[in-house]
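Visitor: okay, sequence plus prediction incoming.
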Amino acid sequence: MNTLTPEQMLQLQELEKLKKVVMRKILTKEAIERLGRIRLVKPELATQLELYLLQLYQSGQIKNTIDDAQLKQILDAITKKKKFKIKR
């Protein structure tokens with residue numbers, strides 16, 4: 001089993017705090033609420049979405065705050081990449 005040292009736990013907590021600060025900075029209140037609802041249903045998708053948004057923010061591609069409609073579009077693009085059909 002993978003146990004974390006107290007230093008690693010502290011680092012993870014700091015990263016989570018930083019992530020929340022950035023999310024509050026780049027998302028509107030409605031978009032943050034949607035992200036919270038996604039996290040309840042599909043935590044792995046919410047994490048993937050957050051990482052994607054952080055990458056956009058770090059690369060300077062986010063100029064304005066992202067509203068709920070834009071978040072839906074991003075979410076749609078992320079989930080469409082995973083869909084595939086099996087033809088028989």
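Guide: Perfect, thanks for sending it. Please read all numbers here as calculations on a predicted model, not as lab measurements.
Visitor: so where do the helices sit in this structure?
Guide: Using DSSP state H, the helices found in the chain span residues 6-26, 29-41, 43-58, 68-82.
Visitor: what residue is smack in the middle of the chain?
Guide: Glu50 (1.4 Å; Cα atoms, centre = their mean).
Visitor: tell me the phi and psi of Gln61?
Guide: The phi and psi values for Gln61, taken as degrees, to the nearest 10, are phi -90, psi -10.
Visitor: got the contact list for it?
Guide: For Gln61, the contact set (Cβ atoms under 8 Å, 6 or more residues apart in numbering) is empty. For glycine as for every other residue, the C-beta is placed from the backbone atoms N, C-alpha and C.
Visitor: separation between the residue nearest to Glu30 when sequence neighbours are not counted and Lys19?
Guide: With Cβ to Cβ, 6 or more residues apart in numbering as the criterion, Glu30 has its nearest non-adjacent residue at 4.0 Å, and that residue is Asp68. Distance, Asp68 to Lys19, by Cβ to Cβ, to the nearest Å: 19 Å.
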